[in-house]
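Colleague: Need coordinates for the below:
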Amino acid sequence: MYTQLEQRGMADPPVNVSTLREMKEKGEPIACLTAYDASFAALIDNAGIDLVLVGDSLGMVIQGHDTTVPVTVADIIYHTKIVSRGLRRAFLVADMPFMSYSDPAQALQNAVQMMQEGGAMMIKLEGGEGQIDIVGQLARHDIPVCAHIGLRPQSVHKIGGFRVQGREPEQARQMIDTAKRLQDAGADIVLLECVPNEVGAAVRNKLHVPVIGIGAGPHVDGQILVLYDILDITQGKTPKFVRSFMAGNDSPLAAVQDYVRSVKSHSYPQPEHCFS
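Modeller: All right, here's what the predicted structure looks like:
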């Protein structure tokens, strides 16, 4: 009946928010990947992934769209639900899609649905200054939150493409300040995408919550990539920060295990995967 209590005695108990914060405090890198179905979820869970994100990236890698904008709350709930069935240890985070959190009331309603119906343990939203009140609203209702700053794919049409953020000193300063304000509003994790190494390091050092990077350099608390990218499934050009882990490995499981080892040993990312 009391599954959470029983799991505490496991040799390798499930990851939770406290686990992630302890990993930051100990300096143990957090290995994260996306997943969109039960089979891949089970595979990456068995490989030792700490955190799994059902990202709205599914709009591009699963649905074939050019951006993440068409993804709906129903899409995220469906994929989160099936991913949850493949996990035993990893912490499960679900993305809030485009325009699903335009005000605190809407954000709360959709977050509750994603947790109750989808089984998400944390909600991720692309957050800037405009999302501080929303993060606070969710946190006040004990909903774990991952705030996403830097490059925000849902804003791709506004910013003019998938571009590195934070290269100008003032933009970098604002990003660091926004990250701190999101943390203070209640964010439990900050995800930082496509920024120079020094910005990643500055944000990481400013916050007491874990900072997960994707194209944010080697000095953050953890790394996340799209599963299809590291397994060399994605066709065409991939972002600079992507490394295919199928090279030299004979199975997807071995590739993901290699990714976990590389993140934990700080051998990924290398300079060629980073921005200056």
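Colleague: which other helices and strands contact the helix or strand that contains Thr80?
Modeller: Using DSSP states H and E, Thr80 sits in helix 73-84. Helices and strands touching helix 73-84, by 3 or more CB pairs under 8 Å, 6 or more residues apart in numbering; DSSP states H and E, are helix 38-46, strand 51-54, helix 58-61, strand 91-95, helix 104-116. Using the backbone N, CA and C atoms, a C-beta is placed for each residue, glycine as well.
Colleague: want to throw these into JSON lines with mean neighbour count?
Modeller: Below are those laid out as JSON lines (neighbours: other CB atoms under 10 Å):
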{"stretch": "helix 38-46", "mean neighbour count": "20"}
{"stretch": "strand 51-54", "mean neighbour count": "28"}
{"stretch": "helix 58-61", "mean neighbour count": "21"}
{"stretch": "strand 91-95", "mean neighbour count": "27"}
{"stretch": "helix 104-116", "mean neighbour count": "17"}
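Colleague: Show me the least confident stretch of those, going by mean pLDDT.
Modeller: When these are compared on average pLDDT, helix 58-61 comes out lowest at a mean of 94.
Colleague: Could you check how far that one is from the centre of its chain?
Modeller: Centre-to-centre, helix 58-61 and its host chain are 15 Å apart (CA atoms, centre = their mean, to the nearest Å).
Colleague: what bits of the stretch 51-200 of the chain have low per-residue confidence?
Modeller: Applying pLDDT under 70 to the stretch 51-200 of the chain flags the ranges 153-162.
Colleague: Kindly list the longest helix within this protein.
Modeller: Taking DSSP state H as the criterion, the chain has its longest helix at helix 169-185.
Colleague: what packs against whichever helix or strand comes after that one?
Modeller: For helix 169-185, the following helix or strand on the C-terminal side (DSSP H and E) is strand 189-193. Judged by 3+ CB pairs under 8 Å, 6+ apart, strand 189-193 is in contact with strand 122-126, strand 145-150, helix 169-185, helix 197-206, strand 211-214.
Colleague: wait, which of these is closest to Met99?
Modeller: When those are compared by CB to CB, strand 122-126 sits nearest Met99, at 10.9 Å.
Colleague: Export that closest one to PDB, keeping only CA atoms.
Modeller: C-alpha atoms of strand 122-126 as PDB (Å, rounded to 0.1, in the frame of the first residue of the first chain):
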ATOM      1  CA  MET A 122       7.300  17.800 -12.100                       C
ATOM      2  CA  ILE A 123       6.100  20.300 -14.700                       C
ATOM      3  CA  LYS A 124       8.500  22.200 -17.000                       C
ATOM      4  CA  LEU A 125       7.700  25.600 -18.500                       C
ATOM      5  CA  GLU A 126       9.700  27.900 -20.700                       C
END
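Colleague: what's the angle from it to helix 73-84?
Modeller: 140 degrees (axes from the mean of the first three to the mean of the last three CA atoms, to 10 degrees).
Colleague: quick one: contacts for Ser84?
Modeller: Ala41, Leu92, Gly118, Gly119, Ala120 (CB atoms under 8 Å, 6 or more residues apart in numbering).
Colleague: do the same with Ile132
Modeller: Ile132 neighbours (CB under 8 Å, 6+ apart): Arg181, Leu182, Ala185.
Colleague: do you know how far the second one is from Tyr259?
Modeller: Just to be clear, that refers to Leu182. 27 Å (CB to CB, to the nearest Å).
Colleague: circling back to that earlier point, tell me the one of the contacts of Ile132 nearest Ser276?
Modeller: Closest to Ser276, out of all of the contacts of Ile132 and judged by CB to CB, is Leu182, at 25.0 Å.
Colleague: and the closest residue to the closest one other than its chain neighbours, what does it touch?
Modeller: Nearest non-adjacent residue to Leu182, counting by CB to CB, 6 or more residues apart in numbering: Ala147, 4.2 Å away. Applying CB under 8 Å, 6+ apart, one finds that Ala147 lies in contact with Lys124, Leu125, Gly127, Gln131, Val135, Ala179, Leu182, Gln183, Ala187, Ile189, Val190, Leu191.
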